[in-house]
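K.L.:
Coordinates only, no sequence provided:
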């Protein structure tokens, strides 16, 4: 069985004896007042995404598909105008100065998404199976989750390598109410 084949089943009910043993599993810990609620919310979101991998919705449809509490955690989508080419060095410098002066403290200087809050389109990119339109290069798959110690939860993920891309997983945990994710 491929790792992704049983992911939706594992999100819903955890691994079974039929799942492969010997996969590279990583346990990601997090803190929360109610870790079980964080896991339930993370499962809710991931289930919405994984069950649509075979028929990936358009970007504008996702806010209606995902839970509203999750969508509300994202920074607004911003379409920045693409400046035309400027070949005159003085005009280029003036255009840069104009853009710089128009920025607010909330704008990241390099116009990239910040670590503070993701845009929904950025978060979904890693799950998008369409290579020409999105990531299709996930580096983790849900395996199991639980709580052992009060105030602490864990999510096991299967991965192909260390280090692996944790950004989407950590944001899922934080948006679901967890804090301090790490392995």
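P.N.:
The structure has been received and is ready for your questions. Quick caveat, the model's predicted, so the values are computed rather than measured. Residues are numbered from 1 along each chain as shown.

K.L.:
measure stretch 73-87 end to end?
P.N.:
End-to-end distance for stretch 73-87: 40 Å, by C-alpha to C-alpha, to the nearest Å.

K.L.:
cool, and stretch 53-64?
P.N.:
Its first and final residues considered, stretch 53-64 spans 16 Å by C-alpha to C-alpha.

K.L.:
pLDDT of that stretch, averaged?
P.N.:
What stretch 53-64 shows for mean pLDDT is 92.

K.L.:
in it, what counts as buried?
P.N.:
Neighbour counts using 16 or more other C-beta atoms under 10 Å place 56, 62 of stretch 53-64 among the buried residues. Quick note: C-beta positions are derived from backbone N, CA and C, even for glycine.

K.L.:
What is the distance between that stretch and the centre of its chain?
P.N.:
Here the centre of stretch 53-64 is set off from its chain's centre by 15 Å, with C-alpha atoms, centre = their mean, to the nearest Å.

K.L.:
can you give me the strands for this structure?
P.N.:
25-31, 140-149, 152-159, 179-182 (DSSP state E).

K.L.:
Helix or strand with the lowest mean pLDDT in this structure?
P.N.:
Sorted by mean pLDDT, DSSP states H and E, the helices and strands of the chain end with helix 89-102, the least confident at a mean of 77.

K.L.:
What's the separation between residue 97 and residue 17?
P.N.:
Noted for residue 97: a distance of 64 Å to residue 17, by C-beta to C-beta, to the nearest Å.

K.L.:
And residue 28, by the same measure?
P.N.:
Residue 28 sits 23 Å away from residue 17, going by C-beta to C-beta.

K.L.:
Show me which of those two is the more surrounded one.
P.N.:
Higher neighbour count among residue 28 and residue 17: residue 28, with 19 against 5, using other C-beta atoms under 10 Å.

K.L.:
what residues are up against residue 43?
P.N.:
Neighbouring residues of residue 43 by C-beta atoms under 8 Å, 6 or more residues apart in numbering: 11, 12, 142, 145.

K.L.:
since we're on the first one, how many residues are nearby?
P.N.:
So the one you mean is residue 11. Residue 11, neighbours per other C-beta under 10 Å, totals 23.

K.L.:
Report the buried residues of the biggest helix by length in the chain.
P.N.:
Using DSSP state H, we find that the single longest helix of the chain is helix 35-50. Buried positions in helix 35-50, judged by neighbour count with 16+ other C-beta under 10 Å: 35, 38, 39, 41, 42, 43, 45, 46, 48, 49, 50.

K.L.:
wait, isn't the third one in contact with residue 152?
P.N.:
No - counting by C-beta atoms under 8 Å, residue 39 sits too far from residue 152 to count as a contact (11.4 Å).

K.L.:
any idea how far residue 144 is from residue 156?
P.N.:
4 Å.
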